[in-house]
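J.: Got a sequence here, can you build the structure:
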Amino acid sequence: MKKRVFIFALAPFIAGIMLCSCQSSSKKINNAENNLQEAKQDLNEVRQDSITEYQKFKIESEEKIAAHEQNIAEFKARISNEKKENKAKYDKELADLEKKSTDLKKKLADYKESGKDNWEKFKTEFNHDMEELGKSFKNITVKNVK
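T.: Have a look, this model is predicted:
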């Protein structure tokens, strides 16, 4: 008898818990739609941040390249009074630097967004190439001073 009373008392309690814990399908749909909207908004923000970061990087890099080109032009003016053999050597080295500078410009202009990992790899490579260009120019100018 105790068992029956216990079962009859427990059954409505379990039924009540089950009814309260189950969400209606319309609530589930609304929650899913809200989650989808939030995910889309987050994705758009990430894309916008990525585009902004690329544009900032591109502007900074173009300024560095322009500064290198200005330095090359100034150095060309300085070596115009050099001996013919030295001038020819410097002209060749400067032509190589100008080609590297042009290649960097093209590389920057041709970059297409293709994911965060590729962006980081591109940025690292590009910064390395920019540093190498700067070092090459310094090496030429140091040779000229000696």
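J.: And the strands in this protein?
T.: Here the chain has no strands by DSSP state E.
J.: where in it is pLDDT low?
T.: Residues of the chain meeting the criterion pLDDT under 70: 1-11, 13, 15-24, 143-146.
J.: need the contact list for the residue sitting nearest the centre point of it.
T.: Taking CA atoms, centre = their mean, the centroid of the chain lies closest to Trp119, which sits 4.2 Å from it. Trp119 makes contact with 50, 53-54, 113, according to CB atoms under 8 Å, 6 or more residues apart in numbering. For every residue, glycine as well, the C-beta is placed using N, CA and C.
J.: Most neighbours out of those, which is it?
T.: The most crowded member of those, judged by other CB atoms under 10 Å, is Tyr54 (16 neighbours).
J.: Contacts only, for that one.
T.: Tyr54 sits next to 111, 113, 119 when contact means CB under 8 Å, 6+ apart.
J.: on that earlier part again, could you export the contacts of Trp119 as a markdown table, including distance to Val142?
T.: Compiled in a markdown table, the contacts of Trp119 are given as follows (distance: CB to CB, whole Å):
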| residue | distance to Val142 |
| --- | --- |
| Ser50 | 39 |
| Glu53 | 35 |
| Tyr54 | 34 |
| Glu113 | 39 |
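J.: OK, contacts around Glu33?
T.: Contacts of Glu33 by CB under 8 Å, 6+ apart: none found.
J.: separation between it and Ala39?
T.: Glu33 sits 11 Å away from Ala39, going by CB to CB, to the nearest Å.
J.: Ok, Ser25 next?
T.: 21 Å.
J.: and what of Lys27?
T.: 19 Å.
J.: circling back to that earlier point, in helices, which of the contacts of Tyr54 appear?
T.: Counting by DSSP state H, the contacts of Tyr54 place Trp119 in helices.
J.: Which of the contacts of Tyr54 sits closest to Glu82?
T.: Here the nearest of these to Glu82, counting by CB to CB, is Tyr111; it sits at 37.8 Å.
J.: from memory the closest one sits against Glu125, does it?
T.: No: here Tyr111 does not reach Glu125: they are 10.4 Å apart, not a contact under CB atoms under 8 Å.
J.: Would you mind telling me which of these two has the busier surroundings?
T.: Tyr111 (16 against 11).
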